[in-house]
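Q: Sequence first, predicted model second:
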Amino acid sequence: MSDFRPDDRLARDSDLLTKIGLCELRLMKDSRWPWLVLVPQRPDVSEIFHLTPLDQTMLTFETTLVAEALKKVTGATKINTGALGNIVRQLHVHVIARSEGDPNWPGPVWGFGTAEPRSAEETKAFSAKLLDAMTP
């Protein structure tokens, strides 16, 4: 794991909230949506099937853990998850809280408008709520 580094674009566009086990949990720097990214801490992995079976299981577990906490914290209508990787090839899974009336509902968040940063205080408060919701 020592060779792992998040892709430069992921590092630039998100804040590290915590390391869960397999994944770094990152918050996108766009206040329009509660938008999280899980990044498996494995170097040179671009597809889920590149992970070992145990890592695949951990990724599923961590994605579910984060999605449930995000739903609890936001009360969102829908939690969207996806691992696209067309631009950032490093394996990462988006977990996004969507609600009717949010920007571009029900369309995709990718490529829509301009990111709106949140303050350090907002990031800290959201992070605390989310991490609390992830704790059994």
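A: Great, that's in hand.
Q: Tell me who's in contact with the residue nearest the centre of the chain.
A: Of all residues in the chain, the one closest to the mean position by Cα atoms, centre = their mean is V37, 1.7 Å from it. Shown in contact with V37 (Cβ atoms under 8 Å, 6 or more residues apart in numbering): L10, S14, L25, R26, L27, M28, H92, V93, H94, V95. C-beta: built from backbone N, CA, C; applies to glycine.
Q: any chance of the residues you listed in CSV, plus distance to P136, secondary structure and neighbour count?
A: Below are these laid out as CSV (distance: Cβ to Cβ, whole Å; DSSP: H, G, I helix; E, B strand; the rest coil; neighbours: other Cβ atoms under 10 Å):
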residue, distance to P136, secondary structure, neighbour count
L10, 28, helix, 18
S14, 25, strand, 21
L25, 16, strand, 24
R26, 22, strand, 21
L27, 21, strand, 19
M28, 26, strand, 20
H92, 25, coil, 24
V93, 21, strand, 22
H94, 24, strand, 17
V95, 19, strand, 24
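Q: out of those residues, which one sits closest to T52?
A: For T52, the closest of the contacts of V37 turns out to be V93, at 16.4 Å, with distances computed as Cβ to Cβ.
Q: In the beta-sheet assignment, what are the partners of that closest one?
A: Beta-bridge pairing for V93 (DSSP bridges): L38.
Q: circling back: would you list the contacts of V37 in CSV and tack on distance to V45?
A: Formatted as CSV, the contacts of V37 follow (distance: Cβ to Cβ, whole Å):
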residue, distance to V45
L10, 13
S14, 18
L25, 17
R26, 16
L27, 21
M28, 20
H92, 10
V93, 12
H94, 16
V95, 18
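Q: picking up where we left off before, how near is the closest residue to the residue nearest to the centre of the chain other than its chain neighbours to E116?
A: Spatial nearest neighbour of V37, chain neighbours left out: R26 (4.5 Å); criterion: Cβ to Cβ, 6 or more residues apart in numbering. Applying Cβ to Cβ, to the nearest Å, the value for R26 to E116 is 17 Å.
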